[in-house]
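Chemist: sequence plus predicted model, see below.
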Amino acid sequence: MPFPMSISIGAIVILAAFMHALWNAMVKGAGDKTVMLGLIALGHVLIGTVLVTISTPPDISVMPYVIATTVIHWGYYYLLNVAYRLGDLSVVYPIARGLTPVLIAIGALIWVGEVLSFEAWAGLGLVSVGIMVLAAGILAKNAPMTAILAALGVALTIAAYSVVDGIGVRISGSIPGYIGWIFLAEGFVATFVFLKFWPRVKATSPGNIRLGIVGGLISGGAYGLVLYAKAHAALGIVSALRETSVIFAAIIGVLWFGEGPVRRRIFSAVIVLAGVVLIGLNPV
């Protein structure tokens, strides 16, 4: 059943949203995106090692969730890599994140029985509409269909692992323990990338290696905050607030990559903000 969201939990999710947009921009800006994703997975492993060492182990019953989310994340990383190789940040990110809140809310309704109010659903819809408004003008510029399909695949994998982890963290009996194990499991991703693409890893500059690991720490911190929030608030609501990261990504796209148009981004931000306010006033 859903839980009301406090102001502190909402603030945590919005902080996580900014961190999420930041590490995605790091991937987009990287020369070798495959190596960068491997380094980000390594950053997750570092966080996971610390958490597993200092935390109470999660209940053994969550191991199927740990395995499931690990497999789903493999697909997520692959599709994200393809999407960012073929499309702009301002194309991929809005599409990938725009569909996610509604997909997660539907998944939570089916698997967890979270029934949201009409107003909360309306807020979810506004968030998604605002994000898709941001993407609409970009799609009109003949963005590669493969990039769009990859972004849609990213949205599906995000929704899948979000529901899996939302359930897993709630039944784990140890939030940091569960987070630690799913991050530690990403060692498989890092090992695969480093073994298969070792010449490309060796060719990566020390500065980019440090940037990748820092990106992993930022990414891991963002997702850890989101999982903490999911243990205390409805999955669909947390997801909707998290997708305010699209606004941060739009700002980064303008300032960092020189992407536009600015007016469409502002209009989209207003719609997303209206959705967030509606959710905040009617959380369940």
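Modeler: Now that the structure is in, tell me what you want to look at.
Chemist: and residue 34, which helix or strand is it part of?
Modeler: Assigned by DSSP states H and E, residue 34 belongs to helix 33-54.
Chemist: report the mean per-residue pLDDT for that helix.
Modeler: Across helix 33-54, pLDDT averages out at 92.
Chemist: for the one helix or strand residue 214 maps to, name the packing helices and strands.
Modeler: Using DSSP H and E, residue 214 falls within helix 206-230. If you count contacts as 3 or more CB pairs under 8 Å, 6 or more residues apart in numbering; DSSP states H and E, helix 206-230 packs onto helix 7-29, helix 33-54, helix 145-171, helix 175-184, helix 235-242. C-beta here means a position set from N, CA and C on the backbone, and glycine is covered the same way.
Chemist: of these, which shows the lowest average pLDDT?
Modeler: Mean pLDDT is lowest for helix 235-242 among the helices and strands packed on helix 206-230, at a mean of 74.
Chemist: residues of that one that come out buried?
Modeler: Neighbour counts over helix 235-242 (16 or more other CB atoms under 10 Å) mark 235, 236, 237, 238, 239, 240, 241, 242 as buried.
Chemist: do the same with stretch 24-31
Modeler: The neighbour-count check on stretch 24-31 (16+ other CB under 10 Å) flags 24, 25, 26, 27, 28, 29, 30 as buried.
Chemist: hmm, back to that, what are the contacting residues of the helix holding residue 214?
Modeler: Where contact means CB atoms under 8 Å, 6 or more residues apart in numbering, the residues beyond helix 206-230 that reach it are 5, 9, 12-13, 15-17, 19-20, 22-23, 26-27, 30-32, 35-36, 38-44, 46-48, 162, 165-166, 169-170, 175, 178-179, 183, 204, 238, 242.
Chemist: whichever of these end up buried, select them in ChimeraX.
Modeler: Per 16+ other CB under 10 Å, the buried members of those correspond to this ChimeraX selection:
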select :5,9,12,13,16,17,19,20,22,23,26,27,30,32,35,36,38,39,40,41,42,43,44,46,47,48,162,165,166,169,170,175,178,179,183,204,238,242
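Chemist: so which strand or helix has the residue located most distally from the centre of the chain?
Modeler: Each residue of the chain has a distance to the centre, and by CA atoms, centre = their mean the biggest one is for residue 199: 29.1 Å. Using DSSP H and E, residue 199 falls within helix 198-202.
Chemist: neighbours of residue 150, just the number please.
Modeler: Using other CB atoms under 10 Å, residue 150 has 24 other residues around it.
Chemist: from residue 221, how far off is it?
Modeler: 26 Å (CB to CB, to the nearest Å).
Chemist: check residue 234 too.
Modeler: Distance from residue 234 to residue 221, counting by CB to CB: 22 Å.
Chemist: who has more neighbours, the two?
Modeler: Between residue 234 and residue 221, counted using other CB under 10 Å, the more crowded position is residue 234 (27 against 18).
Chemist: can you tell me how far the more buried one sits from residue 253?
Modeler: Counting by CB to CB, the gap from residue 234 to residue 253 is 30 Å.
Chemist: ok, now residue 239?
Modeler: From residue 239 across to residue 253, the span is 22 Å (CB to CB).
Chemist: also residue 24?
Modeler: Separation of residue 24 from residue 253 (CB to CB) stands at 10 Å.
Chemist: tell me which residues in stretch 119-127 are buried?
Modeler: Quick answer for stretch 119-127 (16+ other CB under 10 Å): 120, 121, 122, 123, 124, 125, 126, 127.
Chemist: what is the end-to-end distance of stretch 190-210?
Modeler: In stretch 190-210, first residue to last residue: 15 Å (CA to CA, to the nearest Å).
Chemist: and it, how far out from the chain's middle?
Modeler: Distance of stretch 190-210 from its chain centroid, counting by CA atoms, centre = their mean, to the nearest Å, is 23 Å.
Chemist: tell me where the model's unsure across the stretch 51-200 of the chain.
Modeler: In the predicted model, the stretch 51-200 of the chain carries pLDDT under 70 at residues 89-91, 132, 134-143.
Chemist: now distance to residue 193 too, for the helices and strands packed on helix 206-230, in JSON lines please.
Modeler: Shown next, in JSON lines, are these (distance: least, CB to CB, whole Å):
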{"stretch": "helix 7-29", "distance to residue 193": "13"}
{"stretch": "helix 33-54", "distance to residue 193": "3"}
{"stretch": "helix 145-171", "distance to residue 193": "17"}
{"stretch": "helix 175-184", "distance to residue 193": "16"}
{"stretch": "helix 235-242", "distance to residue 193": "26"}
